[in-house]
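Asker: structure, please.
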Amino acid sequence: MLSKAQIKYIQSLQHKKYRQKSGQFIAEGDKIVPELLSEGVPVQEIYATDAWISVHEQLLATAPNVRITAVDATILKQLSALTTPNQAIALLNIPAPPTETLYKGVVTLVLETIQDPGNLGTIIRIADWFGIRQVVCSPDCVDAYNPKTIQATMGSIARVRIVESEILPLLEKAGVPSFAATLHGTNIVEFSRITEGIILIGNESRGLSENVITASTHRITIPRLGGAESLNAGIAAGIICGRLLI
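Answerer: Here you go, the predicted model:
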């Protein structure tokens, strides 16, 4: 049984300032929690229904250091950031920032001012799909450890490293080609498959800043055949990755 203080603490992790203060975040979902365990992510605690614990008994046996607390649906609803709670919530430590970020020999997704947690989570999932192991977020992006972001990754947060960095210094030091997604660039079909470089995706409504576009080595565009004004940032990232990485 959880105390009121424990419930309040877990609820507090729905807010960025408390995640930053504690260095912890929550991940919830009947798919996400088992995937985190399967990938060997160091889960600290799990709060789940008896039924969920019973179904995943063998998997839980492979993670003996994880503290498991059985809770009923009423408590889960209090803990959850979702309208319809899942059967399990995991408590994890936010990974320490990397001491060094490498860009040579790999493809990196770099995001500027992404504001919607669902978009960010979707882009992390896209990165995982295409084998991109590193996503860099500008400091003004939505928090990657927002519960809605974690939910939208569908477990891909276990395999994709998230780095926070200012973009202009990164482009100056990376030493690899960079591809800025814009409305008025070179058609992406004109580019060959890349094995290293930086793909830049901008804010949902404003796109990339002019400074970032100017600093990039290539401006790329998904050709528009219809009348839509723009594409969702996640959809654009998926189309670009599908063209440049396959």
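
Asker: quick one: the helices in this structure?
Answerer: 4-12, 16-22, 32-38, 50-55, 57-61, 73-79, 117-129, 147-153, 167-174, 210-215, 233-245 (DSSP state H).

Asker: just checking, what packs against the longest strand seen in the chain?
Answerer: The longest strand of the chain (DSSP state E) is strand 178-187. Judged by 3 or more C-beta pairs under 8 Å, 6 or more residues apart in numbering; DSSP states H and E, strand 178-187 is in contact with strand 197-201, helix 210-215, strand 218-221, helix 233-245. For every residue, glycine as well, the C-beta is placed using N, CA and C.

Asker: partner strands of it and their direction?
Answerer: Here strand 178-187 is paired, per DSSP bridges, with strand 197-201 (parallel), strand 218-221 (parallel).

Asker: ok, which of those strands comes nearest residue 24?
Answerer: When the strands paired with strand 178-187 are compared by C-beta to C-beta, strand 197-201 sits nearest residue 24, at 27.9 Å.

Asker: centre of the chain to that closest one, how far?
Answerer: Here strand 197-201 is found 16 Å from its chain centre; the criterion is C-alpha atoms, centre = their mean, to the nearest Å.

Asker: repeat that for stretch 123-134.
Answerer: 9 Å.

Asker: hmm, who's touching that stretch?
Answerer: Contacting residues not belonging to stretch 123-134 are listed as 101, 106-109, 111, 114, 135, 144, 149, 152-154, 156-157, 159-163, 201, 233-234, 237-238, 241-242, 245-246 [C-beta atoms under 8 Å, 6 or more residues apart in numbering].

Asker: let's see it at 6 Å
Answerer: Applying C-beta atoms under 6 Å, 6 or more residues apart in numbering, the contact partners of stretch 123-134 are 107-109, 135, 153-154, 156, 159-161, 234, 237-238, 241, 245.

Asker: straight-line length of it, end to end?
Answerer: Taking C-alpha to C-alpha, to the nearest Å, stretch 123-134 runs 11 Å from one end to the other.

Asker: check which residues of that stretch are buried.
Answerer: Burial within stretch 123-134, assessed by neighbour count using 16 or more other C-beta atoms under 10 Å, is assigned to 123, 124, 125, 126, 127, 128, 130, 132, 134.

Asker: reformat the helices of the chain as a markdown table; add mean pLDDT.
Answerer: Below are these laid out as a markdown table (pLDDT from 0 to 100):
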| stretch | mean pLDDT |
| --- | --- |
| helix 4-12 | 97 |
| helix 16-22 | 97 |
| helix 32-38 | 95 |
| helix 50-55 | 96 |
| helix 57-61 | 96 |
| helix 73-79 | 94 |
| helix 117-129 | 98 |
| helix 147-153 | 95 |
| helix 167-174 | 97 |
| helix 210-215 | 98 |
| helix 233-245 | 97 |
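
Asker: out of these, which comes closest to residue 91?
Answerer: Residue 91 lies closest to helix 4-12 among the helices of the chain, at 6.9 Å (C-beta to C-beta).
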